[in-house]
Every structure is written in structure tokens, then in C-alpha cells.
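Asker: below are the sequence and a predicted model; questions follow.
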Amino acid sequence: MKNVAVIGAGASGLMAAYAAAKNGNKVTVFEKNEKCGKKIYITGKGRCNVTHDCDEQEFLQNVVSNPKFLTGAIYALSPAATVRFFEDGGLKLKVERGARIFPVSDKASDITKCLENYCINAGVAFKFNEQTVKIEVLQSTLSHIITDKGRYKFDCAIVCTGGISYPLTGSTGDGYGFAEAVGHKIIPLKQGLCGLNLKGSFYKSLQGLSLKNVALDVLFQNKSIKRFFGEMLFTHYGVSGPMVLSASSLINRLDLSEVRLVADLKPALTPEQLDRRILRDFGQFKNKAISNVLKELLPAALIPEILKRSVLDGDKRVNSVTKAERQALLTSIKNFDMLVSSLRGFDEAIITCGGVDVKEIDPKTMESKLVKGLFFCGEVLDLDAFTGGFNLQIAFSTGFVAGNSIKE
């Protein structure tokens, strides 16, 4: 039996604690907050998108940073195995639109309770309101954990402190400091899964408009690097919504002056099909103003901006619209250009990208290659994925591998 410290009682920490305890180890979780899973409570707008309904290969295709490193962990605890884990713990799950998996109760707190119950039943001890301040290393081997309340001797320590997004939940970057202090390289931190500030001011008149079933091309240096399908929301600063959140994690390490977003507002229609649709509407309402006829095709709030981009007078009768003007209209709908000025801040970002360099971590165990007995898992590592439950699954899988690898 080994004496194991787990620093942080979030998604990866609770999974790591349980996995280590079921191997017969003595496990103590140190948590600076008054309870477990404070960040879990706010994920998925309080509903907790716990994982994604997909196989391992599809999962890895949705990982942005270091998917190869994650391969072993995802096969060790797959999304399907995670679903079984929670359901075996008495928590019913459901699959929603976009293959996202949530608790049937729609309560993120139920995820935390289930994990906590697993830990308690396995004999895990918790020390709440106790902040770890230092990890002591002697001759490249873990020696002691120092908190604001004492100094403890441990055989192993698993750092599960999360990132720096949503700092009010306690995610203040402590783990990066622990890692750096013992010699680990930290990949620069960036906001991930966040809204995007746009150049210009056109979006202000569209604030609150949600577009569903649209496509979003992400271009870098005028080359498409990824196309997303789904929902986009205009805000007071620019754009958000599931597609945009995922796009932010794709561009956050790029030169944003070279990034362009192009929305296709009617992706189900080819340009030819859309032209026929427009002609049909124009033929049906020959004597009406174009701004009124377009209400058959587009949300009313969007029409003034589309007309502006098409250089068309909204009062113009559709029977006098030329072929060239119709083509300009079609282009504005199929290629709605937006320029990114910056990312939203860490206080709004769902995850932190960057972190402990995975080249210095053993992917089979999550143990540091620099310090024996020291492990890292979850968001503190340079691992991140698109929105849809993928990041929580990364936390569960890496936490499971870390805890499960600690044996006599």
C-alpha cells in the first residue's frame, strides 16, 4: 500500500483518487475549496456535458492539442466506459443533440456526488479548505507536500489543479507553479472554448440572434483549416455559441490578424439551389420590397446587414433586381465574412489551453519523467479538445490512468 496525495478535487482529481484507492492505496485529497467539484457545477450551464457518444478514434479526432499523447488514456477509459462508470454508480445519463451526454437529472451536482460517493466508498480521505503551497522533491523523487496547514510525507502525489479559467472556482494556476518549480516546462497558456471579439461593429445590431444549422469555415492565411456545423450566437462583443467556442481553441495560438471566419448561412443549399430559391421567392412576391421578401429566407434582424454587404437598397422592388445584384446577395449569404480581433478573457473561457509539456510526462502512467512519484492529469496538462464533453473526458481518462498506475 502506498500513501498517495491528490491535489485538487475536480473531475480529474476525483477520478484519480478513486482509481488509486481501489488499488488498495491510502489516498488523501487536498482541496482548497470547501467542497468537491466546484468547476463541475458550472459546466454545461449547470447541466454538465459529461462526455461524448463516440468511439475512441472519433474522440481523438476532436482533440486539438496532443491527441497522440492521449491515445492510451482514451482507450484505458473510453467514453463508453465512462458512461458505464457513472451508470454503475447509480447515475442515469442521456444522449442529446450532437451526441452530447448529460445526466438525466440535468444536474451537474449529480456528477460530483457520484464521483464523491465512489471515492468515499473506496476509503478516500478529504481535507477541505486546505491549500497546497509547495511540493518538495529530494534527489528527483517526491518527498513532502506542504499546505497552509502542515507538512506531509507521501509516496506519490497527483496534481489535478486545473487551469486558470473561471478563477472564482479555485482554478488559479497552482499546478503550473508546482510543475515549474520542479523543472517542468510550461507551454504558454491561452484561453480555450471562449467567445471571439470581432472587428467592426456590425454585430451590435445582431446581439442576441442565434443561428442554428449554419456552417463556419475557419481560415488562416486565406486557407480553410476547419469547417464546423451547428449553432452561432451574436453577442455585444462579437460571436459565441458551440461552433465558435471550438474555433477559438483552434486559433488561440495563431496570429489572429491572419484569421478569418466565414459563415455559410444556408449550408444545406448549393449556390445554384439557393439562387433558385431566391428566384422562386422573388417570382412569388414580384412587387414587394427586397427587405420584406428576404424574411422568407433569413431572420429579420440579419436582413439589413446582408443587404448592406450586398450593396442593395432594401426598398428596391424584387422585380427590378438584376442578376449581378442577386449574385451579390447570394455571396453575402453563403460567405458571411467576420474578422477576429481577440479572444475573450480567461474569466469567460471554459478551459485553459497550454500547460505542463506532455513530452515530460509518461503517457502510460501520467507520471513525471523528471520526478519519481509525481503525476499530472487533467487541465493542468497541455491537452485540450473541442466543445461537446471532450475536455471532461480528458480529465476522467488521464485521472483514471494516473490513479490506476499507482500500485505496489
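Answerer: Nice, I can see it.
Asker: what about the stretch 201-350 of the chain, any weak spots by pLDDT?
Answerer: Nowhere does the stretch 201-350 of the chain drop to pLDDT under 70.
Asker: can you show me the helices along it?
Answerer: 242-251, 271-284, 290-293, 303-310, 323-334 (DSSP state H, counting those that start in this stretch).
Asker: send me the shortest one as CSV with only the CA atoms.
Answerer: These are the backbone C-alpha positions of helix 290-293, laid out as CSV (Å, rounded to 0.1, in the frame of the first residue of the first chain):
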residue,chain,number,x,y,z
ILE,A,290,-36.5,43.1,-51.2
SER,A,291,-36.2,43.6,-47.4
ASN,A,292,-39.7,42.1,-47.0
VAL,A,293,-39.2,39.2,-49.4
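Asker: out of the helices of the stretch 201-350 of the chain, nearest to residue 135?
Answerer: helix 242-251 (28.9 Å; Cβ to Cβ). C-beta: built from backbone N, CA, C; applies to glycine.
Asker: helices or strands up against that closest one?
Answerer: strand 186-192, strand 196-198, strand 210-220, strand 223-234, strand 259-264 (3 or more Cβ pairs under 8 Å, 6 or more residues apart in numbering; DSSP states H and E).
Asker: need the ones you listed in JSON lines (columns: mean neighbour count).
Answerer: Converted to JSON lines, the helices and strands packed on helix 242-251 look like this (neighbours: other Cβ atoms under 10 Å):
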{"stretch": "strand 186-192", "mean neighbour count": "20"}
{"stretch": "strand 196-198", "mean neighbour count": "21"}
{"stretch": "strand 210-220", "mean neighbour count": "17"}
{"stretch": "strand 223-234", "mean neighbour count": "17"}
{"stretch": "strand 259-264", "mean neighbour count": "20"}
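Asker: distance to residue 342 for those strands - can I get that in JSON lines?
Answerer: Output for the helices and strands packed on helix 242-251, formatted as JSON lines (distance: least, Cβ to Cβ, whole Å):
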{"stretch": "strand 186-192", "distance to residue 342": "10"}
{"stretch": "strand 196-198", "distance to residue 342": "5"}
{"stretch": "strand 210-220", "distance to residue 342": "16"}
{"stretch": "strand 223-234", "distance to residue 342": "17"}
{"stretch": "strand 259-264", "distance to residue 342": "11"}
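Asker: save the helices of the stretch 201-350 of the chain as TSV, and put in mean neighbour count and distance to residue 40 too.
Answerer: Output for the helices of the stretch 201-350 of the chain, formatted as TSV (neighbours: other Cβ atoms under 10 Å; distance: least, Cβ to Cβ, whole Å):
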stretch	mean neighbour count	distance to residue 40
helix 242-251	24	18
helix 271-284	14	43
helix 290-293	20	47
helix 303-310	18	39
helix 323-334	17	40
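Asker: looking at these, spot the one closest to residue 354.
Answerer: Among the helices of the stretch 201-350 of the chain, helix 242-251 sits nearest to residue 354 (Cβ to Cβ), with 10.9 Å.
Asker: re the thing from before, in TSV, list the helices of the stretch 201-350 of the chain along with distance to residue 263.
Answerer: Listed next are the helices of the stretch 201-350 of the chain as TSV, based on distance: least, Cβ to Cβ, whole Å:
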stretch	distance to residue 263
helix 242-251	9
helix 271-284	14
helix 290-293	20
helix 303-310	11
helix 323-334	9
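Asker: out of those helices, nearest to residue 137?
Answerer: helix 242-251 (32.5 Å).
Asker: show me how far the closest one is from its chain's centre.
Answerer: 8 Å (Cα atoms, centre = their mean, to the nearest Å).
Asker: again, but for stretch 152-162
Answerer: 25 Å.
Asker: circling back to that earlier point, out of the helices of the stretch 201-350 of the chain, flag the one nearest residue 151.
Answerer: helix 242-251 (38.7 Å).
Asker: can I get the closest one in CSV, CA atoms only?
Answerer: The C-alpha coordinates for helix 242-251 follow below in CSV (Å, rounded to 0.1, in the frame of the first residue of the first chain):
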residue,chain,number,x,y,z
PRO,A,242,-20.7,25.9,-29.8
MET,A,243,-19.0,26.3,-33.2
VAL,A,244,-17.3,29.5,-32.2
LEU,A,245,-16.1,28.1,-28.9
SER,A,246,-14.5,25.2,-30.7
ALA,A,247,-13.0,27.5,-33.3
SER,A,248,-11.4,29.6,-30.5
SER,A,249,-9.3,26.6,-29.4
LEU,A,250,-8.2,26.1,-32.9
ILE,A,251,-7.0,29.7,-33.4
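Asker: all numbers from here: first residue = 5
Answerer: Sure, I'll start numbering at 5, so the last one becomes helix 246-255.
Asker: what lies in contact with it?
Answerer: Residues outside helix 246-255 that contact it (Cβ atoms under 8 Å, 6 or more residues apart in numbering) are 68, 102, 195-200, 218, 220, 222, 224, 229-230, 232-237, 263, 265, 344, 347-348, 353-355, 357, 388-392.
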